[in-house]
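Visitor: Structure of the sequence below:
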Amino acid sequence: MSTSSVSSANSLAIDGLVSGLKTTDLINSLMSVEAVPQTLLKNKLSDTNSFISSLQTINGLVQALATKATAASKASSLDLFAATSSAPGVTATAGTGAAAGSVSLTVGSTASAQVGVTAAMSTWAASAQPVTIVAADGTVTSVTPASGSLDDTVSAINKAGAGVTATKVAAGTDTNGAKLYRLQLTATKTGAAGAFSVYRGSAADVTAGTATNVLTATGAAVVTAASDASVTLWAGTAAAQTVTSATNTFTDLLPGVNVSVTQPTTTPVTVTIAQDTTKAQSVASGLVDAMNAVTSYYGSNTSVTSTTSPTTGTTSTTAGVLLGDGTTRDAVQRLTSTMSAPVNGKSPSSIGISITKDGDFAFDADVFQQALATDPQGTQAILSGAAANVGAAATAASDKYNGSITSSINGQQSVAKDLNTQIDSWTDRLTARRAALQTQYASLETSLSKLQSQSSWLSSQLAAK
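Guide: Prediction:
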């Protein structure tokens with residue numbers, strides 16, 4: 001029988017059957033007093049868990065700030081570039097390693113994948129006959145379909161992994177009304193390196209020259225020839241140079257710049273790479289935003305709020321969960337002081353980063369852009385210096401091994417674990433105490449029942465005399 005069943009049975013058995021006392025209510029009242037220490041522990045555990053949650057949240061925000069600061073502290077964090085093209089048929093994107101500059105080019109051709117179709121046929125062969133594919137680099141792949149049907153031939157080609165896919169396409173009927181089909185054969189990659197030939201016959205037949213090239217047979221055709229994309233740099237000059245690519249994207253024309261082409265051009269196209277001041281600004285503003293996320297959360301969790309009940313008029317005051325916590329206070333103060341500290345004698349406000357009277361930070365985009373245009377190296381130096389200082393302070397607070405806030409979290413988690421142990425111990429103690437009270441009151445009822453029986457017997461004996 002479970003503990004709850006025993007308790008219920010005892011309650012039904014002893015609840016004032018003889019004495020008339022509401023023993024269950026009495027036990028519950030006594031237990032509520034006995035449980036006061038456990039209730040206090042539970043309240044303390046709730047407060048501790050709430051504190052841990054807030055510490056974890058602000059620690060995560062500080063870690064995000066450290067990441068932003070590390071990126072902004074790099075000596076080239078503002079060296080972000082955008083590429084533009086003077087023609088819609090040419091697009092360019094700048095990435096890591098790009099530098100300011102420009103280049104003139106003419107698009108000679110775009111890359112294409114070979115597409116060929118066979119002559120119309122009803123079957124590949126009267127019986128299973130090999131299909132041999134010869135790639136542009138001389139690689140030979142020979143497969144034998146399960147039968148001479150076109151479906152089995154298509155399946156065999158597609159499973160061969162020879163860089164060619166096959167599709168059966170309707171091609172009308174022959175003079176007898178039988179359905180005819182062509183096989184459309186397509187290279188899986190663009191560029192001259194994807195060119196191929198397809199033969200009816202084995203690899204040995206191809207070597208012997210007895211196999212049939214199905215793309216040069218009567219009625220067949222190469223619809224699209226395999227070709228590389230090509231651009232010519234400095235066309236029309238003695239320095240003209242042609243560069244080819246198997247795809248329509250050129251990754252090696254300029255460091256860190258990808259150039260994609262979609263159509264040939266007759267006149268030179270200029271690709272220009274210049275600093276992207278919008279992206280550069282986002283590096284500085286992103287650092288400020290990450291800092292403000294920390295100060296905003298800290299401010300909202302250290303504020304004291306008062307509320308007045310509309311019915312009773314009673315005013316209650318609630319303090320933020322981080323109010324009075326020295327660890328987070330010291331971390332936030334260190335972060336704000338390093339963010340606003342001069343770098344090489346120059347204030348961050350000279351590049352648009354300034355602290356407000358509320359302890360938050362403001363970012364002035366106009367000031368930053370002006371500083372970047374006037375003195376890009378000086379702007380980079382100030383931003384990198386401020387970010388390095390902030391990053392060091394943020395890491396000291398949030399490092400996952402020895403950060404000050406991290407250590408505080410670990411300490412509070414130990415406290416919570418100990419409180420849970422004490423609460424569990426009290427649960428066992430209170431269960432035993434309730435059982436003892438139930439036994440005690442059950443014994444009382446039993447004793448009263450015996451006394452009542454004895455009293456009745458004596459009364460009956462006296463009445464008989």
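Visitor: Find the nearest non-adjacent residue to the residue nearest in space to the middle of the chain, please.
Guide: Among the residues of the chain, residue 64 comes closest to the average C-alpha position under C-alpha atoms, centre = their mean, at 14.0 Å. Distance criterion C-beta to C-beta, 6 or more residues apart in numbering; nearest residue to residue 64, sequence neighbours excluded, is residue 290 at 5.6 Å. Every C-beta, even on glycine, is put in place using the N, C-alpha and C of the backbone.
Visitor: how far is whichever strand or helix holds the one you found from where the chain is centred?
Guide: Using DSSP states H and E, residue 290 falls within helix 277-300. In terms of C-alpha atoms, centre = their mean, to the nearest Å, the centre of helix 277-300 is found 20 Å from the chain centre.
Visitor: Okay, buried residues for it please.
Guide: With burial defined by 16 or more other C-beta atoms under 10 Å, the residues of helix 277-300 counted as buried are 277, 280-281, 283-285, 287-288, 290-295, 297-299.
Visitor: and the strand or helix carrying the residue nearest to the centre of the chain with helix 277-300, angle?
Guide: Residue 64 is part of helix 36-72, with elements assigned from DSSP H and E. Angle of helix 36-72 versus helix 277-300, following axes from the mean of the first three to the mean of the last three C-alpha atoms, to 10 degrees, is 160 degrees.
Visitor: can I assume residue 197 is in contact with residue 134?
Guide: Yes. With contact defined as C-beta atoms under 8 Å, residue 197 and residue 134 form a contacting pair (4.7 Å).
Visitor: counting contacts, what elements does the longest helix seen in the chain pack onto?
Guide: Taking DSSP state H as the criterion, the chain has its longest helix at helix 404-464. Where contact means 3 or more C-beta pairs under 8 Å, 6 or more residues apart in numbering; DSSP states H and E, helix 404-464 is packed against helix 3-14, helix 23-34, helix 36-72, helix 326-340, helix 376-398.
Visitor: any idea which of those is most buried?
Guide: helix 376-398 (a mean of 21; mean count of other C-beta atoms under 10 Å).
Visitor: Just the C-alphas of that one, formatted as PDB.
Guide: Output of helix 376-398 as PDB, limited to C-alpha atoms (Å, rounded to 0.1, in the frame of the first residue of the first chain):
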ATOM      1  CA  PRO A 376      40.500  56.700 -41.700                       C
ATOM      2  CA  GLN A 377      43.600  55.400 -40.000                       C
ATOM      3  CA  GLY A 378      43.000  57.500 -36.900                       C
ATOM      4  CA  THR A 379      39.400  56.400 -36.700                       C
ATOM      5  CA  GLN A 380      40.500  52.700 -37.000                       C
ATOM      6  CA  ALA A 381      43.000  53.200 -34.200                       C
ATOM      7  CA  ILE A 382      40.500  54.700 -31.800                       C
ATOM      8  CA  LEU A 383      37.900  52.100 -32.500                       C
ATOM      9  CA  SER A 384      40.400  49.300 -32.200                       C
ATOM     10  CA  GLY A 385      41.800  50.600 -29.000                       C
ATOM     11  CA  ALA A 386      38.400  51.100 -27.300                       C
ATOM     12  CA  ALA A 387      37.200  47.700 -28.500                       C
ATOM     13  CA  ALA A 388      40.300  46.000 -27.200                       C
ATOM     14  CA  ASN A 389      39.900  47.500 -23.800                       C
ATOM     15  CA  VAL A 390      36.200  46.600 -23.700                       C
ATOM     16  CA  GLY A 391      36.900  43.100 -25.000                       C
ATOM     17  CA  ALA A 392      39.500  42.500 -22.200                       C
ATOM     18  CA  ALA A 393      37.000  43.700 -19.500                       C
ATOM     19  CA  ALA A 394      34.200  41.700 -21.000                       C
ATOM     20  CA  THR A 395      36.300  38.500 -21.100                       C
ATOM     21  CA  ALA A 396      37.400  39.000 -17.600                       C
ATOM     22  CA  ALA A 397      33.800  39.100 -16.500                       C
ATOM     23  CA  SER A 398      32.300  36.400 -18.700                       C
END
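Visitor: Could I get the average pLDDT for that helix?
Guide: Regarding helix 376-398, the rounded mean pLDDT is 97.
Visitor: Give me the angle between that helix and helix 277-300.
Guide: Taking the same axes, to 10 degrees, one finds that helix 376-398 is oriented at 30 degrees with respect to helix 277-300.
Visitor: which secondary structure elements does helix 376-398 contact?
Guide: Using 3+ C-beta pairs under 8 Å, 6+ apart as the contact criterion, the elements in contact with helix 376-398 are helix 36-72, helix 277-300, helix 326-340, helix 365-374, helix 404-464.
Visitor: now do 6 Å
Guide: Counting contacts by 3 or more C-beta pairs under 6 Å, 6 or more residues apart in numbering; DSSP states H and E, helix 376-398 is packed against helix 36-72, helix 326-340, helix 404-464.
Visitor: on that earlier part again, contacts for the helix holding residue 290, please.
Guide: 58, 61-62, 64-65, 68, 72, 77-78, 80, 332, 339, 353, 359-361, 363, 365, 368, 383, 387 (C-beta atoms under 6 Å, 6 or more residues apart in numbering).
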